[in-house]
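In: sequence and predicted structure, then a few things I'm wondering about:
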Amino acid sequence: MKNPLFVLLLLAPCLLMAQPDFTPLVDAARRGDANALAAQMDAVVQMSILDEDNRLPKASAASELSAFFAKNKPTGCTVVNKGMSDDKLSHFCICSLATTGGTFRLYFYLRQNAGKFLIREIRIEK
């Protein structure tokens, strides 16, 4: 490579591309903090908790999560996989959520809106 500046210019768009930070979501799930998750939600969220699917306003979604966390106190949460859509506006994160009631698969789907990534969907599966 004779011109490292040229390479840097080619890579710059990839490095500057907006990506969500899943750490606050994973930490909130690890603590069982539905309010912290609600702070990252869009106005309406698609919720699927153990085969019960609903499209809920943010406050109702937080209540559903609180009820789940009350029955299944989290003891840990680790990221298993994450990725993005082709248009790079949507991202997902799949976690393994360990609780007193067993281990669950936790799925977050986020969509970028006005420069901020918001949770559009949460799934909790056994």
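Out: Looks like it arrived, so ask away.
In: for I122, which residues count as its bridge partners?
Out: M47, F108 (DSSP bridges).
In: can you get me a residue count around it?
Out: Counted with other CB atoms under 10 Å, residues neighbouring I122 total 23. The way it works is simple: take the backbone N, C-alpha and C, and place the C-beta from them, glycine included.
In: the strands in the chain, which residues?
Out: 41-49, 52-57, 74-84, 90-99, 102-113, 116-125 (DSSP state E).
In: list the contacts of I94.
Out: Contacts for I94 (CB atoms under 8 Å, 6 or more residues apart in numbering) come out as 79-82, 105-108.
In: quick one: the most centrally placed residue in the chain and L89, what's the gap?
Out: Nearest to the geometric centre of the chain sits F108, at 3.4 Å (CA atoms, centre = their mean). The gap separating F108 from L89 is 15 Å, by CB to CB, to the nearest Å.
In: any low-confidence regions in this protein?
Out: Within the chain, the stretches with pLDDT under 70 are 1-18.
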